[in-house]
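*Asks:* have a look at this fold, sequence not included:
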């Protein structure tokens with residue numbers, strides 16, 4: 001039986017590599033997404049702490065400058081929280097694009113995998129038909145020899 005060769009193996013291999021690369025890119029972006037979510041949590045915690053501190057400061061006499069400084073600090077933390085929230089939203093979009101790219105790469109590879117499997121089955125079926133043909137010819141030759149009186153030996 002001749003060896004099976006898939007003519008598109010190089011293309012299939014490239015698509016497999018592309019899929020692996022898309023997986024790595026998605027993993028990187030998922031890690032970055034977790035980092036941006038952690039930044040958002042820290043920003044909200046800092047903001048909550050600053051607001052709590054501001055509430056405690058109001059309980060005692062403060063100058064107008066101190067109150068202005070505290071308010072400016074809280075406003076800066078609010079801006080940082082908004083920026084962190086925006087960063088998470090942007091990163092979620094990046095993750096979604098990476099997921100879509102991975103799905104496409106997987107689909108491309110699977111198409112060639114299915115084609116390879118189909119061609120392998122066809123190759124095996126053809127080899128089986130050939131073997132059955134050879135065995136049939138041998139059986140026919142033995143049968144002729146026996147019926148002609150020549151025997152098996």
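*Replies:* Alright, I've got the coordinates. Worth saying up front: this structure is predicted, and the values here are computed from it rather than measured.
*Asks:* and residue 52, how far from residue 46?
*Replies:* Relative to residue 46, residue 52 is positioned 11 Å away (criterion: C-beta to C-beta, to the nearest Å). Yep, even glycine has a C-beta here, placed from its N, CA and C like the rest.
*Asks:* can you pull the residues that touch both of these two?
*Replies:* Common contacts of residue 52 and residue 46, defined by C-beta atoms under 8 Å, 6 or more residues apart in numbering, are absent altogether.
*Asks:* so for the two, which sits in the more crowded spot?
*Replies:* Comparing residue 52 with residue 46 by other C-beta atoms under 10 Å, the one with more neighbours is residue 46, at 17 against 10.
*Asks:* what's the more buried one in contact with, if anything?
*Replies:* Contacts of residue 46 were listed using C-beta under 8 Å, 6+ apart, and they are 77, 80-81.
*Asks:* what do you get if the cut-off is 10 Å, keeping everything else the same?
*Replies:* 73-74, 76-77, 80-81, 84 (C-beta atoms under 10 Å, 6 or more residues apart in numbering).
*Asks:* tell me which element it falls in.
*Replies:* When secondary structure is defined by DSSP states H and E, residue 46 falls within helix 9-58.
*Asks:* show me how far the strand or helix carrying residue 91 is from its chain's centre.
*Replies:* Per DSSP H and E, residue 91 falls inside helix 64-147. Averaged C-alpha coordinates place helix 64-147 at 6 Å from its chain's average position (C-alpha atoms, centre = their mean, to the nearest Å).
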